[in-house]
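Quick one, structure for this:
(2 chains)
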2 protein chains.
Amino acid sequence: MLTAPALAALRALFGDRASTAPAVLAEHGQSESLVSAGPPDAVVFPRSTEEVSALARWSAGHRVPLTGWGAGTSLEGHALAVAGGVAVDFREMAAVLEVRPEDRLVRVQPGITREALNRELRTTGLMFPVDPGANASLGGMAATRASGTTAVRYGTMRDNVRGLVVVLAGGEVIRTGSGAPKSASGYDLTALFVGSEGTLGLITELTLKLTGQPEAVMTAVAAFPSVAAAVDCVIATMQMGLTPARIEFLDAETVAACNAHSGLTLPPAPQLLVEFHGHPEGLAEDVRRFRDLAAGFGASGLDWAAQQEDRTRLWAARHAAYRAILASRPGAKAVVTDVCVPISRLAEAVEETRADIAASGIPGPILGHVGDGNFHAILMVDPARPEEVATAKALATRMADRSLRLGGTITGEHGVGFGKLGLMAAEHGAAWQVMSAVKAALDPMRLMNPGKLVPGQP
Amino acid sequence: MLTAPALAALRALFGDRASTAPAVLAEHGQSESLVSAGPPDAVVFPRSTEEVSALARWSAGHRVPLTGWGAGTSLEGHALAVAGGVAVDFREMAAVLEVRPEDRLVRVQPGITREALNRELRTTGLMFPVDPGANASLGGMAATRASGTTAVRYGTMRDNVRGLVVVLAGGEVIRTGSGAPKSASGYDLTALFVGSEGTLGLITELTLKLTGQPEAVMTAVAAFPSVAAAVDCVIATMQMGLTPARIEFLDAETVAACNAHSGLTLPPAPQLLVEFHGHPEGLAEDVRRFRDLAAGFGASGLDWAAQQEDRTRLWAARHAAYRAILASRPGAKAVVTDVCVPISRLAEAVEETRADIAASGIPGPILGHVGDGNFHAILMVDPARPEEVATAKALATRMADRSLRLGGTITGEHGVGFGKLGLMAAEHGAAWQVMSAVKAALDPMRLMNPGKLVPGQP
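Numbering: from 1, shown residues only, chains lettered A, B, ... in the order given. Next comes the predicted model:
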C-alpha cells in the first residue's frame, strides 16, 4: 500500500496517468502463465524519459518499488510487482523516434510492439528480425533478452540492441552504446541491461539494429519418422554450415493441435518447419542442400512454399501453436517452460523430456527453435487441481535440471523472473553472487523490480 | 616494490615461475605503441586456474595489483602495470582444452594465440574467425573486445565468446555462460567481462564459438578515383545487404608502403580489399553484384583471386601494413589510433581526418575495417622530438572527438587501456560512473589492473 503522501506526490507528477482503479491494478496483476502475484499498488503511464526519471526519484524518496510493464506477455512473472509498488506501463511511450536506413538503425520508445515496429518499417526495405511469437514490446523483449524463431540466423536481443537510454534507481539517466557498429570503449553496459529484467533500471529508449528484408524466401515443412530423426536433421543442418532463417520443431501432438486449430492438413508426425532467406541464386543451393540432407533422415512431404500467402499461413499456424495446444484441452492453463542445450545434446534432451512428460500423465506437447538448441514444453493442467499444477512444475524443474546436466541453461529465452529464481544457484554457482553484487551497486535500496533474478527477499 | 614478505610468499607459490629478473621485468614494461609505463615489480607464469586463484588471494592479502599479460600486442597500454605490482603472463596457459566440433565450440586457455588456435583447428573444418591482425592471445583479445578484418561478417569477440572462467579479486573463481547457443538466465556476465581489460578479474579459460571454414573464398582488390568513392562503395555494399567477410580500405600512402614492403604492384590510389565467403553458387552472385557496384563508383583493376596463394599474398601484405608504414619512415615510432563511426558518416570522418593529418605535417596513412565504420591512422613520429609526439597525440584526440561528434565511439577495437582514459567521460557521461560502480562492487581494493578503463587513480 502506498502512503497517502506518496500517493499524493505520485498524483502531482502524473495526474490521472497514475491509477489505482481496481480494474487497472487487476490488469497489471495478471500473467500469461501460471506464475502469479498480487496486483501492484498503482499503475503509471509515463510519456517521456524525464517523467520516468522523476518517477525514479519519487520511488527513492518514498521507498516504493518500480516494475516495468510492456505488453504483459512474459512467462516467468517478470512484470508482476511481487513486492507491491508501482507498475510502470509504457503503452504511452510507443513511438518510432528515428529511422536511419543508411545505418540500418532505428530508435524507438520501449512500449512499441515488434509488429507495430515492422509495420512502420515496411516501406524502408528493412525489418527488425527478432520474433518471440508473442507481439511483445521492444522494451520488454530487451529486458528479457528475448529471441524466438529467427534467432538461429539473426541472433537474439543481445545481438540486435545497439544502445539504450536507461533510468537508474534514484533517477539518473544514462545512455549506453553508440551509433557505431562496434566499440571497445569500456564495459558493455548495453549487454548488462539487456536481460536484466528491469532489476537494474528502466529502459526508456532503444537503438536497434535492422536487417534488410530478404530478397527471396523459401519455406518448407517436412515430416520425419521420429523425433530423433527430425532433431538429428537439425543438428546436421547446422553442422553443415547452412544458415536457415528459422528451423522449428513440432512434435506430433503439436502438429495435431495446429491442424485442428489452424486448418492445416499436415500428417500428425514430428515435423520441421524451415525457412531460408537470401538472394535467389544462393537460396536455390541452400534449398537443394537441405532437401538432400532431410531425405537422408527419412523426411517426407518436403514441400517448398515460395508464395507469400502459403508462408504466412504456415507461420501463422506456428505462432498460434500455443493457443492451438491450449484449445486441445478445454479449460486448461499451461505451465510453459523453455530450456536450451548444446546442439549435440538436443536429441537426448528432447527424448528424455518426452518420456518424462509421458510418464507424468500430463499432456505436454514439445516444440521449439531447435536450430539453437532451444525447446519448449507446454504442460496443460486443470488450474483447479493443485496436484496437476505441482506435477507440471516438477516436470519443468526436471527439464531445467536435465538441461544443466547436459551443459545447457535453465532458460534459452523466457528469462528468470521469479518463476525460475529457485534454479539460478544451480546454474550459476558463485557467479550468481556476482550478479547480486552488480545489483547492489546499482540499486542498493532494491527498488527496481525487487524479487526477480538475483538472490534475496524482495 | 614488493615487500620482502610479499615476495617470499609469491616465491613460495610460484618458485622460479615468479621472476624479478630485470630482463623479464623490462620485457613486461614494453608496449607496441608510444603508450608507456615502468616495468612491473614481478612477473609470474601461472599454469592453472587454481594457481591464478591463489595469486589473487596473495594479491588481496598483500595489497598488490595484478595485471594480465597475453602477447603484449595491445596498443593503449592495457597490459602495462601502471601502478606496479605483478604482471600475470599466461604463456604457460596456452592449451586447447577441448574441441567440440558438433557444437562448434572450443575450450582454450587464455595464453593461446589466434594463429596457434587456428593451426590446431585446421583438420576439423572449423576456424576461429576473429582476426585483429596481430597474433594476439585469445585471453587478451577477449579482455580488449578485439575485432579486426573479419568482424564485418563474423562479429567481434563480443559475439564469439560463449563463456569464461574468471578469477575475481580475492581469488573466487566463477564460470559465465553455458554450452547452449543462447540463454536468458540472468545478467550477461560473459559480455561484462569481455572488454573489461582485466579490471574486473583475470580470464583463465574461454569457450569460443567456431565457424565452418568457408567452402569457397573470393578476394579482390580494386582501385578507386578518390577516398570518397572507395568509402561510398563500402557504404553501398553494406546497404545492399551484401555480407563480405572482409572489406578493407587502404589509402594511397598505405598502398605505396605495402608495395615497397611486400612487393605488391598496386596502383598508388585508394584501394578496397574485399573478400567473400560462401558456397560457390552464392559466391558467384555476390561477386557479380559487388563488381557492378564497384564499377559504378569508378573502380578499376578489380581482379578476383580465387587461388589460395594469391589471397595469402594480399592478406599478408594487409597484415604487414603497419610494419610497412613504419618502414616508410626509418627510425619512426607510431601513434596508432582507431575510431569507429556510423557507416553513414564514414566518408566525412575519413576525409576530415585526412585533412587534419595533412595540415599537421606528420605522415599518417589511414586504413581500416571500413565495413563496420572502423578506421585507423598510423601517425609516425620521431620519438626523440617531443613536439612531434604531442602533435600526433593531439591528432588522435581530435579523431576521437570527431568520432563522438559524428555519433561514433572513441575506439572500435583497440580499447581504452590508459591511452584513452581521458576520453571516456566525453563518450559515456554518467554511464562512466556506472562502470565505476560495477568496478567498485567487484574489486573494492582496486587490485585488478588499476589505472585502466574506469575513473580514479590507480
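
for the spatially most central residue of chain A, phi and psi?
Using C-alpha atoms, centre = their mean, the residue of chain A that lies closest to the mean C-alpha position is residue A:146, 3.5 Å off. When read as degrees, to the nearest 10, the backbone of residue A:146 gives phi -70, psi 160.

what about it, distance to chain B?
For residue A:146, the distance to chain B equals 7 Å [C-beta to the nearest C-beta, to the nearest Å]. Every residue, glycine included, has its C-beta placed from N, CA and C.

again with residue A:335
Residue A:335 is 17 Å from chain B, by C-beta to the nearest C-beta.

Name the surrounding residues that touch the helix or strand of chain A with the lowest mean pLDDT.
Across the helices and strands of chain A, mean pLDDT, DSSP states H and E gives its lowest value to strand A:300-305, namely a mean of 83. Applying C-beta atoms under 8 Å, 6 or more residues apart in numbering or on different chains, the external contacts of strand A:300-305 come out as A:218-224, A:266-267, A:287, A:291, A:294-295, A:311, A:314.

do that again at 6 Å, thanks
Applying C-beta atoms under 6 Å, 6 or more residues apart in numbering or on different chains, the set of residues contacting strand A:300-305 from outside is A:218, A:219, A:220, A:222, A:223, A:294, A:311.

likewise stretch A:26-37?
For stretch A:26-37, contacts defined as C-beta under 6 Å, 6+ apart pick out A:38-40, A:43, A:69, A:73, A:75-77, A:80, A:82, A:87, A:333, A:335-336, A:419.

count of neighbours near residue A:91?
Residue A:91 has 15 neighbours, counted by other C-beta atoms under 10 Å in any protein chain shown.

If we ignore the residues flanking it in sequence, what's nearest residue A:380?
Distances taken as C-beta to C-beta, 6 or more residues apart in numbering or on different chains put residue A:332 closest to residue A:380, at 4.0 Å, once the chain neighbours are dropped.

Now the one you found. Its backbone dihedrals?
phi -80, psi 150.

How far away from the center of its chain is the least confident helix or strand of chain A?
29 Å (C-alpha atoms, centre = their mean, to the nearest Å).

just the buried members of the contacts of stretch A:26-37?
Buried residues within these, counting neighbours by 16 or more other C-beta atoms under 10 Å in any protein chain shown: A:39-40, A:43, A:69, A:73, A:75-77, A:80, A:82, A:87, A:333, A:335-336, A:419.

Dig out what residue A:277 forms beta bridges with.
In this entry, residue A:277 is beta-bridged to residue A:217, by DSSP bridges.

Next, count neighbours for the residue nearest to residue A:380.
Residues near residue A:332, counting by other C-beta under 10 Å: 18.

Tell me which residue of the stretch 251-400 of chain A lies closest to chain B.
For the stretch 251-400 of chain A, the residue closest to chain B is residue A:282, as judged by C-beta to the nearest C-beta, at 3.1 Å.

follow-up on the earlier one: closest to residue A:166 out of the contacts of stretch A:26-37?
residue A:69 (16.3 Å; C-beta to C-beta).

Cross-check the contact I'm expecting between the closest one and residue A:85.
No - with contact defined as C-beta atoms under 6 Å, residue A:69 does not count as touching residue A:85 (11.8 Å).

Need the overlap of contacts for the two.
When C-beta under 6 Å, 6+ apart defines a contact, no residue borders residue A:69 and residue A:85 alike.

tally of neighbours for the residue of the stretch 251-400 of chain A closest to chain B?
21.

Please identify which helix or strand holds it.
helix A:280-296 (DSSP states H and E).

Convert that helix to PDB, retaining C-alpha atoms only.
The C-alpha trace of helix A:280-296 is given here as PDB (Å, rounded to 0.1, in the frame of the first residue of the first chain):
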ATOM      1  CA  PRO A 280      17.600 -16.300 -55.400                       C
ATOM      2  CA  GLU A 281      20.900 -17.800 -56.600                       C
ATOM      3  CA  GLY A 282      22.200 -18.600 -53.100                       C
ATOM      4  CA  LEU A 283      18.800 -19.700 -51.900                       C
ATOM      5  CA  ALA A 284      18.400 -22.300 -54.700                       C
ATOM      6  CA  GLU A 285      21.600 -24.000 -53.500                       C
ATOM      7  CA  ASP A 286      20.600 -23.800 -49.800                       C
ATOM      8  CA  VAL A 287      17.200 -25.400 -50.600                       C
ATOM      9  CA  ARG A 288      18.900 -28.200 -52.700                       C
ATOM     10  CA  ARG A 289      21.300 -28.900 -49.900                       C
ATOM     11  CA  PHE A 290      18.700 -29.000 -47.200                       C
ATOM     12  CA  ARG A 291      16.400 -31.300 -49.400                       C
ATOM     13  CA  ASP A 292      19.300 -33.800 -49.800                       C
ATOM     14  CA  LEU A 293      20.100 -33.700 -46.100                       C
ATOM     15  CA  ALA A 294      16.400 -34.100 -45.000                       C
ATOM     16  CA  ALA A 295      15.900 -37.000 -47.400                       C
ATOM     17  CA  GLY A 296      18.800 -38.800 -45.700                       C
END
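
For residue A:369, list each beta-bridge partner.
The partner residues for residue A:369, given DSSP bridges, come to residue A:374.

Looking at it now. What's its pLDDT?
Model confidence at residue A:369, given as pLDDT, is 92.

same check, this time on residue A:36
82.

Then it would be within a helix, right?
No - under DSSP: H, G, I helix; E, B strand; the rest coil, residue A:36 sits outside any helix and is assigned coil.

Look up how far chain B lies from it.
20 Å.

For that residue, the count of nearby residues, please.
Residue A:36: 12 neighbours (other C-beta under 10 Å).

same thing with residue A:365?
26.

Where does the record place the domain boundaries for chain A?
As given by automatic domain parsing, the domain ranges for chain A are A:4-91, A:95-212, A:225-322, A:331-415.

roughly how far out does the second one sit from the chain middle?
What that stands for is domain A:95-212. When C-alpha coordinates are averaged (C-alpha atoms, centre = their mean), domain A:95-212 and its chain have centres 13 Å apart.

Report the separation between the two terminal residues of it.
The separation between the terminal residues of domain A:95-212, taken as C-alpha to C-alpha, to the nearest Å, is 21 Å.

for the first one, same thing?
Terminal residues of domain A:4-91 are spaced 26 Å apart (C-alpha to C-alpha).

Distance from the chain centre to that domain, please.
Domain A:4-91 has its C-alpha centroid displaced from the chain centroid by 21 Å (C-alpha atoms, centre = their mean).
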